[in-house]
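Undergrad: what's the 3D shape of this:
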Amino acid sequence: MTATRRLAAILAADVAGYSRMMGADEEGTHERLQAHLQELVNPKIGEQRGRIVKNTGDGFLAEFASVVDAVRCAVEFQRGMAERNGSVQPDKRIHFRVGINLGDVIVEEQDIFGDGVNVAARLEALAEPGEIRVSRVVRDQVRDRLDYTFEDLGEQHVKNIARPVRVYVLRADALADPLALSAPVAPPASQPVAPRLSIAILPFANLSNDPEQGYFADGITEDLTTDLSRLAGMLVISRNTAFTYQGKRVDTKQVGRELCVRYVLEGSVRRLGNQVRVNAQLIDAEADAHLWAERFDGDTSDLLVLQDEITSRIAVALNLELPHAAAAQPIEHPDALDCILRGRAAAWKPPSRERYVEAIGHFERALALDPCSVEAQSWLAVALTARVIDNMADTAAADLARVEGLVGQALAGWSRSPLAQPAPRAASIRGSHP
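TA: Reported below is the predicted structural model:
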C-alpha cells in the first residue's frame, strides 16, 4: 500500500533538564508539566489549527498545515511559559526547547515520519532552554509574514541528516520581551529586495510515462542547481528549499517573494529509452515575464551537454561569464549515468542500512559499467564514508580503505572534479553527501 505523504510544518518540543528535575521531585515535576500542557500549550496549538501527533514523556510532536501558524504558536506558548515561570523558584521552572521545520512527511494514524520530522527534532536538540530554533525554509516562509527577527547561526551538522542544516534562532530573552520581537523589523511597505543575480531552480516535472522515472528529473534539477551555483556572483536557493514546491502549482511572483529571488527556472523532463527531451524556461519573478523558453533534445549520453547548454543560455540571458573549469567529465556509458542518478535518489532517503545498501549498489553498478567514471568513483566514496559516519557500516575499516582508493582514482582521472577531494574529513563529507 502506498504511504500517505503531505507537506507539513513540524514542531518538536521537550523540557530542558527534565531527567534532573524528575530525580529531584518526580511527582511535582510531572504535575507542573501536565498543568502547563493542559492550561497553556495544548490550547495554543488548538488556536493555531495544529494537532498533537504524540507525546514523548518530556515533550511532544505537533504538526500544522501552515508554517506561520506553527511559529506563531511556539512564540505564544514560549512567552506564556516565561510569564508562568516568573513566580516559580528557579530550580522548579520548566523551560521548553523548540525546533520547527517544514518538510514532506509520511503520515500514519498515530505518528509521522521522514526527514522533515528528523530535522525538527535535531533543531529542538540544538536549542537552549526557552529558545525556538528553525530551519532556513521556515525562516524564509515567515520572515515577511511575522514580525519576529531570527538570528542566523549558520550551517550546523546534525546527527543522521546528510546535509548541514541552516539554523536560525529566536532567543528566550527576545521572547520574554514582546517589543523585542518586532523592534528590528522594517515596516511592511519596505519589502526585502531580491539580489539581481538570484535564482530558484524548481523541481523539473517528470513527463515520462513511467512515474518511477522521477529520479531522473530530480537528478537533472540537482545538477542544474550545482552548475548555476558556480556562476560568479550567482545566489542559488538550496535544493532542500526548492524541493518543497515539488508537485505543486506555483505562482512565480509568490515564489520570488517567498524565497527573495529575482529569477525562477522551471521545466520538465520526458525520457523514452535513451532519448531525453528537456523543456526549460527562465522567468523574471518580479515581472512574471519569460526571459526565454527552450526545448533541448538528445540521448542520455549527451545529458551533460544538454545541462551545459541550459546553463549557458541562462548565463547569456543574465550577461554572465561561464566558468569553463567547472565543466563535468563526460560519462561514456548511458546506463552508468542512470545508475548514478538512481544512487543519488536513494541517498536522499532517510538514513538506514537498507538505504545505504541501495545507494552504494547503484554506484557500484555504475562503476562496473564505466570503470573510469569520476562521477561514479566520487559518489561511491561519499556514500561509503557517510555510512561509516552514521555507524551503519559492518566493516568500517574496509569501507574507509576503499574510499582512499576511490578518491585517488578520481583525482588521477580528473583533478578538477568538484566531487573528487583528497582525503576528505568526516565533517566535510557530511557537507557534500548526496
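
Undergrad: so where's this structure uncertain?
TA: Across the chain, the stretches falling below the confidence threshold (pLDDT under 70) are 1-3, 160, 173-174, 176-192, 302-304, 311, 315, 317-334, 413-434.

Undergrad: May I see the domains of it written out as residue ranges?
TA: 4-182, 198-326, 334-432 (automatic domain parsing).

Undergrad: Please pull up the helix or strand immediately following the host helix or strand of Lys54.
TA: Secondary structure assigned from DSSP states H and E places Lys54 in strand 50-55. Next helix or strand after strand 50-55 toward the C-terminus (DSSP H and E): strand 59-64.

Undergrad: helices or strands next to that next one in the packing?
TA: Contact here means 3 or more C-beta pairs under 8 Å, 6 or more residues apart in numbering; DSSP states H and E; on that basis strand 59-64 packs against strand 4-15, strand 50-55, helix 67-85, helix 115-126. In this view, the C-beta of every residue, glycine as well, is placed from N, C-alpha and C.

Undergrad: let's see it at 10 Å
TA: If you count contacts as 3 or more C-beta pairs under 10 Å, 6 or more residues apart in numbering; DSSP states H and E, strand 59-64 packs onto strand 4-15, helix 42-47, strand 50-55, helix 67-85, strand 96-108, strand 111-113, helix 115-126.

Undergrad: Quick one: the ones you listed as CSV, columns for distance to Gln281 and mean neighbour count too.
TA: Putting these into CSV (distance: least, C-beta to C-beta, whole Å; neighbours: other C-beta atoms under 10 Å) gives the following:
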stretch, distance to Gln281, mean neighbour count
strand 4-15, 24, 22
helix 42-47, 41, 16
strand 50-55, 37, 15
helix 67-85, 28, 21
strand 96-108, 25, 23
strand 111-113, 35, 15
helix 115-126, 29, 23
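
Undergrad: Looking at these, spot the one closest to Gly298.
TA: Each of those was scored for nearness to Gly298 using C-beta to C-beta, and the closest is strand 96-108 (31.1 Å).

Undergrad: that older thread, output the helices and strands packed on strand 59-64 in JSON lines, with distance to Arg342 appended to each entry.
TA: Compiled in JSON lines, those are given as follows (distance: least, C-beta to C-beta, whole Å):
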{"stretch": "strand 4-15", "distance to Arg342": "20"}
{"stretch": "helix 42-47", "distance to Arg342": "40"}
{"stretch": "strand 50-55", "distance to Arg342": "32"}
{"stretch": "helix 67-85", "distance to Arg342": "32"}
{"stretch": "strand 96-108", "distance to Arg342": "20"}
{"stretch": "strand 111-113", "distance to Arg342": "23"}
{"stretch": "helix 115-126", "distance to Arg342": "19"}
